[in-house]
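Asker: sequence below, structure please.
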Amino acid sequence: MAGTWYPGTAASLANVVDSLLAGVAETPDDLHGDLIALIAPHAGLKYSGPVAAHAYQLLRRRSFDLVVLVGPSHYVGFEGVAVFCGDALETPMGFAPVDVDAAAALIRATPLAREHDAAHVREHALEMQLPFLQRLAPAVPILPLVMGHQTDATVRALADALAATLLGRRILLVASSDLSHFHDANVASRLDRVVLDRVAHFDADGLQTALEANPDHACGGGPVVAVMRAARLLGATGAKVLQYADSGDVSGDKSSVVGYMAGALGCFTS
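Answerer: Below you'll find the model as predicted:
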């Protein structure tokens, strides 16, 4: 997506990311503490970048050993989770190194996780997270995961495998998801409110039930539920919705919008 959904040169991309982060206030007092997971959107930076910045600004003055990226598959249908086992992913700002040992450990932990490069070739859900990570945590390796059919069995297996393989490490989980697509803003708000409420209540089971009843709530609902479940298993005790907006806030067209949210999960001070 370099040169279309985000700038195609390192300097321009860095400037855009810095500008988006500068538009977000410093971490509120009730978000100090251990950060375990983020929820961030994955549209073009012009549209969802201001919302994503509310999640990624929490990385300021925090450090991690590994960032696990979990997103939906927009282009390839398959069962399970596609693990990227290559050395790195590249953006105009350089290479984001992949933790190949963590990738191998996850594949060993569950038969639903496997190497499946075709699922990563065109996928933007993870790519759109990289500019923020490369600006705020450039040396931290990543583990890129794309979820195929978002069944409850896959969601639960991924959450359990992540917790089993990552316990004891300083990790950050990132669920990449946009919310409802191409409804008018009033309908979108009602659909999106279900996701916001379930995240705010740290209710992964309730969100899974809502998604099974109506998958239109989110394109990456399965990754969000998996990350919520894994975060709890890794010690998270609370969740916060940080920001919500829709594409019409940028385009001015409220007749057909895409919803975006930013969220955080961890052990916060209040």
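Asker: excluding chain neighbours, what is closest to residue 221?
Answerer: residue 211 (4.1 Å; CB to CB, 6 or more residues apart in numbering). C-beta coordinates here come from the backbone N, C-alpha and C atoms, glycine included.
Asker: just to be sure, that neighbour is in a strand?
Answerer: No - judged by DSSP: H, G, I helix; E, B strand; the rest coil, residue 211 forms no part of a strand; its state is helix.
Asker: does it touch residue 150 like I think?
Answerer: Yes - at 7.4 Å, residue 211 and residue 150 qualify as touching, with contact defined as CB atoms under 8 Å.
Asker: hey, what's in contact with both of these two?
Answerer: 221, 222 (CB atoms under 8 Å, 6 or more residues apart in numbering).
Asker: bridging residues for the residue nearest to residue 176 when sequence neighbours are not counted?
Answerer: In this structure, residue 176 finds its nearest non-sequential neighbour in residue 71, 3.6 Å apart by CB to CB, 6+ apart. Counting by DSSP bridges, residue 71 forms beta bridges with residue 146.
Asker: distance-wise, check residue 71 relative to residue 187.
Answerer: 24 Å (CB to CB, to the nearest Å).
Asker: neighbour-wise, which of these two wins?
Answerer: For residue 71 versus residue 187, neighbours defined as other CB atoms under 10 Å are more numerous around residue 71 (28 against 14).
Asker: give the contact list for residue 86.
Answerer: Contacts of residue 86 by CB under 8 Å, 6+ apart are 98, 117.
Asker: residue 35 contacts residue 172, doesn't it?
Answerer: Yes - assessed by CB under 8 Å, residue 35 is found in contact with residue 172 at 6.7 Å.
Asker: residues that sit against both of the two, list them.
Answerer: Common neighbours of residue 35 and residue 172 (CB under 8 Å, 6+ apart) are residue 59.
Asker: what is the neighbour count of the residue nearest to residue 221?
Answerer: Residues near residue 211, counting by other CB under 10 Å, number 22.
Asker: next one, pLDDT for it please.
Answerer: For residue 211, the pLDDT comes out at 97.
Asker: and for residue 119, nearest residue in space, chain neighbours not counted?
Answerer: residue 82 (3.6 Å).
Asker: likewise for residue 137?
Answerer: residue 59 (5.8 Å).
Asker: the residue nearest to residue 119 falls within a helix, correct?
Answerer: No - secondary structure of residue 82 (three-state DSSP): strand, not part of a helix.
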